[in-house]
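J.: Next one to model:
(chains A and B)
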Amino acid sequence: MANSHSHHVPSDGGAAQRKLIWKTFWVLLILTALEFLIAFTMHHGTLRITIFVLMTIVKAFYIVGEFMHLRHEIKTLIWLILWPVVLVLWLIVALIVEGGFIFEELNIFKFLK
Amino acid sequence: MASTITSTSGEPKLWLGGVEPMKASYGKLMMWFFLISDTFTFSGLLVSYGLIRYSFPAYKGEVADFAFSNLYWPIPEKVFAAVPFLHGVYLPLVFVGIMTFILIFSSVTMVLAVEAGHRMDRKNVEKYLLWTLLGGITFLGCQAWEWSHFIHGTDQGSVIRELINGEWIERTVFGASLKENQYGPVPFADLFFFITGFHGTHVFSGVVLNYLIFYRTATGFYDKRGSYEMVEKVGLYWHFVDLVWVFVFTFFYLV
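T.: Modelled structure (predicted):
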């Protein structure tokens, strides 16, 4: 069935790959634990949000890269997946800024004080 | 379907189109394309969350003095602070942490099943798929409990203020629905239901798919076919569900 799958069983019976899987697991676990530590020790603010977003991107990199195997695919496929996501990130940033404007301009809560 | 042609021996042959585009099989490419479109759907929800979140006032005071009000966006760790069987104990984000761990771990067992599939190791594929199923079902159970707690609310409820016909009306609200919310502005509850609900639906579909491939593995279907690629394709979907949770966890529960 050479036409249906490009995987070959490695000579070590997949031991190296299993090691990589468990390594990825520990990375994800430690990052999540660190997120908890930061959530309860750091003051709320822009710096904290930036750290959380960066840690999330690192976790996404490991899940997509190792678990979903994308890191080991060919470059064209990697870029095909990544570019739409980059555009989505732009949309998120744009609309968060827009939300801030809605708050300031309309300020539906200004009559409260 | 040009890609699935039954040969004269009656055995299905996959991808007879010659060179595989981007060195990935037909099924895997299509799964990737589906996941990209699913990314757009989830992004739509997260983008809405960002927009609505920042068009409401943030809580300005000290975290320790925080009280629920419909006039500003709540601090998530104050909302999600309950754990089953520990009624009334304040344990911020502990339960959602357990849920995150369960989902990450089920992702690990899934990728181990995929790895075992590469070696045509049926026993291990079965074992790891069962662990993955267990993780998925446990996660769904946890989510059901969390929804129930969110809907029923805290013992004391909270007082919300509303401007009705030019007059400020105060009343006590218990829990949350699509129309009322004791934890904060109504859209906070709406977004909670939509985002975690849509993700939960994905987990449920994943559990169904995992069960199907477990059944086919156990009955020797993939051994007969000579390839465990279907485990890999469902694995892609399952990791995607885990990936979405990583984002939901950060943007809904931490930030």
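
J.: Any regions of the chain where pLDDT drops low?
T.: If you meant another chain, say so; for now it's chain A. By pLDDT under 70, the weakly predicted segments of chain A are A:1-8, A:107-113.

J.: not what I meant, chain B
T.: Along chain B, the model assigns pLDDT under 70 to residues B:1-18.

J.: Indicate the residue of it located nearest to chain A.
T.: Of the residues in chain B, the one nearest chain A is B:Tyr54, at a distance of 3.3 Å by CB to the nearest CB. For every residue, glycine as well, the C-beta is placed using N, CA and C.

J.: For chain B, see how far away A:His72 is.
T.: 10 Å (CB to the nearest CB, to the nearest Å).

J.: related to what we said a few turns ago, how many residues are close by the residue of chain B closest to chain A?
T.: Burial of B:Tyr54 is recorded as 20 neighbouring residues (other CB atoms under 10 Å in any protein chain shown).

J.: how about it, what does it touch?
T.: Contacts here follow CB atoms under 8 Å, 6 or more residues apart in numbering or on different chains; on that basis B:Tyr54 touches A:Ile96, A:Val97, A:Gly99, A:Gly100, A:Ile102, A:Phe103.

J.: Tell me where the stretch 1-150 of chain B has strands.
T.: Along the stretch 1-150 of chain B, the stretches classed as strands by DSSP state E, counting those that start in this stretch are B:4-6, B:12-14.

J.: Highest neighbour count among the contacts of B:Tyr54?
T.: Counting by other CB under 10 Å, A:Gly99 has the largest number of neighbours within the contacts of B:Tyr54, with 20 neighbours.

J.: Quick check: chain neighbours aside, which residue is closest to it?
T.: Computed as CB to CB, 6 or more residues apart in numbering or on different chains, the closest residue to A:Gly99 that is not its neighbour in sequence is B:Tyr54, at 3.3 Å.

J.: do B:Gly220 as well
T.: If the residues on either side of it in the chain are set aside, B:Gly220 comes closest to B:Arg122, at 7.3 Å by CB to CB, 6+ apart.

J.: how near is that neighbour to B:Ile213?
T.: For B:Arg122, the distance to B:Ile213 under the criterion CB to CB, to the nearest Å works out to 12 Å.

J.: wait, doesn't A:Val88 sit right on B:Thr39?
T.: Yes - with contact defined as CB atoms under 8 Å, A:Val88 reaches B:Thr39; the gap is 6.8 Å.

J.: So for these two, which residues contact both of them?
T.: Common contacts of A:Val88 and B:Thr39 (CB under 8 Å, 6+ apart): none found.

J.: How is chain A partitioned into domains?
T.: For chain A, automatic domain parsing gives the domain ranges A:15-72, A:74-113.

J.: End to end on the longest one, go ahead and measure it.
T.: The first and last residues of domain A:15-72 sit 17 Å apart, counting by CA to CA, to the nearest Å.

J.: ok now that domain, how far from the chain's centre?
T.: With CA atoms, centre = their mean, to the nearest Å as the basis, domain A:15-72 stands 8 Å off its chain's centre.

J.: cool, the shortest one as well?
T.: Distance of domain A:74-113 from its chain centroid, counting by CA atoms, centre = their mean, is 16 Å.

J.: which residue packs closest to A:Leu91, ignoring adjacent ones?
T.: Sequence neighbours aside, B:Val47 is the residue nearest to A:Leu91 in space, at 5.7 Å (criterion: CB to CB, 6+ apart).

J.: can you pull the contacts of that neighbour?
T.: Under the criterion of CB under 8 Å, 6+ apart, the contact partners of B:Val47 comprise A:Val88, A:Leu91, A:Ile92, A:Leu95.

J.: If you rank those by neighbours, which is first?
T.: Among those, A:Leu95 has the most neighbours (other CB under 10 Å), with 20 neighbours.

J.: Look at that residue and give its secondary structure.
T.: helix (DSSP: H, G, I helix; E, B strand; the rest coil).

J.: B:Arg122 and B:Ile213: which is more packed in?
T.: Between B:Arg122 and B:Ile213, B:Ile213 has the larger neighbour count (other CB under 10 Å), namely 23 against 16.

J.: was I right about the more buried one contacting B:Gly235?
T.: No - contact status for B:Ile213 versus B:Gly235: not in contact, 9.1 Å apart, counting by CB under 8 Å.
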